[in-house]
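# What follows is a predicted structure for the sequence shown.
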Amino acid sequence: MVIFEYKLDGTKKQYVAIEEAIRIGQFIRNKCLRVWMDERGICKNDLQCYCAVLAKDYPFATRLNSQARQASADRAWFAISRFYDNGKNRKPGKKGYPRFQHDNRSIEYKTTGWKLEPDGKHITLTDGCGIGRLRLVGNAKQQIAAFPPEQIKRVRIVHRADGYYVQFGVKAERAIVHQPTGKQAGIDVGLKAYSTDSEGNTVDNPRHYRKAEQKLKRLHRGVSRKQKKSQNRKKARKQLARAYLKVQRQREDFARKTASTLVSSHDLIALEDLKIRNMVRNHHLAKSMHDAGWGTFLSWVKAYGLMHEIPVIAVAPQFTSQECSACGAMVKKSLSVRTHICTSCGVVLDRDHNAALNILAKALERTLGHRATSSSSEEGNASGQTASPRLSLRKTSKRAG
Ligand SMILES: [Zn+2]
C-alpha cells in the first residue's frame, strides 16, 4: 500500500461536517468495543454484523457511509486483536487493554462514499454527512489521478493541528529497480552522530527538538498563563500543537531521506535491533534519544529495504560497542569514551565506527551460517526478509537487466 497525502481546502461548514463524520466513526468504534467487553468471545465478523444493528438502533449513524462504518468496527477489532496478541506473545508490562476514544481525529472510507474527479484536484464525499466537494492541495509530483480508481482502497481524512488532510491508500507495487552497488554497510545509531556506517561515514544529528526547544518552552508558558477555558488559551494551545507538528515533520522527513539515501547506495544493510523503549528509560539521555528518532529511522530503512528488495538484517545489540572489530577482544568502555583503543591489537577507531563494523560482521556471520546449514532453516529476520544476500542480489540483478 502506497500512501498519497494532500491537504484539504474547504469551507468552515464542510469542516464541521468532517468533524461530524469523525464523531460517528468514533461512536461506532466505542460501541463495538463495549459489546466486546460485555460479551467476550466475539470475533471480527460479529462486529461487522453488529454494525448493521447499530445503524438500525441509531438512525444518525446511517449518515456515515456503510463501508466507513465497517472501517470503524475494524478499528475496534484492531485494538482488541493487539491486546490479544500482546497477551499471547507475553509482552512484558502493560498489555494495552482497549480503551474508549474521546478525541479521535480521523475517519476512514473504503471504496465507496467518495468520488475523485478526473483532474485529480477535487474529491467529493457523497454520503449523508454532507461534507461535499473539497479541493486537494499538494505538490504537483504526487498524482493520485494517475491511478485507476479500483486501485484506491482507502480514503482517510485526518484532522491535524494545522488543518484537514486526506490520505489515499493505493494498492500498487512500488517497483524500485535497485542498482547494485557492490557495497554492504553496518549502521550504528548514536547521539553524537545520527548514524555511523562501517566505512566511518557519519550523518550529523539534526537535533530538531533541541533547536526548537526555546520556542516550545515559550509557547508552553503562553498556554499556562492564559485563563482556563478561555479563547486565548485555546489559541495558544493551537499554536503549541502546530509547533510540535513542525518538529515531528522535520524529524520524519530527515529520517526518511537519510534512510532512502542509505538503502539506495548499498546492497545489504545491517543494523542493531534496538529496543528503543527500554533505552529511553535512561532519563539523562531520554530527551536526546527521543529527539534522534531512531525508531522512525530504522523503520524507514526496513521499509526502503523492502521496496529495493535488499536484505536489511537486525542483529542483537550485545557487545557491539565493546568488542574490537579487528581482533575480537573485549575492550570495556563507558558511554563517555568516544574512541575505541584496543589493548590487544592496538587498533584505534571512533567508537561508533567500531560498533558499525561489528554490526556488519555479526549480520554477515549470520547469513553465512544460514547458508551453510540448510536452505530450510531460512528464518525470517527482524524485517521479515530472507537472510541470504545472494538470493536477493540475484533477484535485483534480474530486474535491472
Ligand atoms: Zn583488537
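Okay, I see it. Residues are numbered from 1 along each chain as shown.

# CA atoms for contacts and neighbours, from now on please.
OK.

# so when I look at A71, I'm seeing a helix, right?
Yes - A71: assigned to a helix according to DSSP: H, G, I helix; E, B strand; the rest coil.

# quick one: secondary structure of the closest residue in space to it that isn't next to it in sequence?
Once its chain neighbours are removed from consideration, A71 has its nearest residue in E108; the separation is 6.3 Å (Cα to Cα, 6 or more residues apart in numbering). Secondary structure assignment for E108 (three-state DSSP): strand.

# Quickly note the distance from E108 to V158.
As for E108, its distance to V158 is 9 Å (criterion: Cα to Cα, to the nearest Å).

# R256: what's it in contact with?
Shown here is R256, whose contacts under the criterion Cα atoms under 8 Å, 6 or more residues apart in numbering are F297, W300, V301.

# okay, these in TSV with secondary structure, distance to S72 and pLDDT next?
As requested, those are exported to TSV (DSSP: H, G, I helix; E, B strand; the rest coil; distance: Cα to Cα, whole Å; pLDDT from 0 to 100):
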residue	secondary structure	distance to S72	pLDDT
F297	helix	30	89
W300	helix	27	88
V301	helix	31	92
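
# which SS class is the spatially most central residue of the chain?
When Cα atoms, centre = their mean is applied to the chain, the residue found nearest the centroid is T296 (6.1 Å). Here T296 takes the helix state, with states given by three-state DSSP.

# what's the straight distance from one end of stretch 335-343 to the other?
Using Cα to Cα, the span of stretch 335-343 from its first residue to its last is 18 Å.

# Outside of that stretch itself, which residues are in contact with it?
With Cα under 8 Å, 6+ apart as the criterion, stretch 335-343 contacts C324, A329, V331, V347, V348, L349, D350, R351, D352, N354.

# Quick one: the strands in this structure, in order.
If DSSP state E is used as the criterion, the strands of the chain fall at 2-9, 106-109, 114-116, 122-125, 132-137, 152-160, 163-170, 184-189, 193-197, 202-204, 268-272, 312-315, 339-341, 348-350.

# To R221, which of those lies closest?
Taking Cα to Cα as the measure, the strands of the chain were each checked against R221, and strand 152-160 came out nearest at 22.0 Å.

# Could you check the closest one and say which residues are buried?
Buried residues in strand 152-160, counting neighbours by 16 or more other Cα atoms under 10 Å, are found at I152, R154, V155, R156, I157, V158, H159.

# okay, the angle between that strand and strand 2-9?
Interaxial angle of strand 152-160 relative to strand 2-9 (axes from the mean of the first three to the mean of the last three Cα atoms, to 10 degrees): 50 degrees.

# Specify the angle between strand 152-160 and strand 163-170 in degrees.
Using the same axes, to 10 degrees: strand 152-160 against strand 163-170 is 160 degrees.

# Could you check the strands of the chain and tell me which one is nearest Q26?
Of all those, the one in closest proximity to Q26, counting by Cα to Cα, is strand 106-109 (8.3 Å).

# picking that back up, possible to save the contacts of stretch 335-343 as TSV with distance to L274 and pLDDT?
Putting the contacts of stretch 335-343 into TSV (distance: Cα to Cα, whole Å; pLDDT from 0 to 100) gives the following:
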residue	distance to L274	pLDDT
C324	20	95
A329	23	93
V331	21	91
V347	27	93
V348	25	94
L349	22	94
D350	20	94
R351	17	92
D352	15	92
N354	17	95
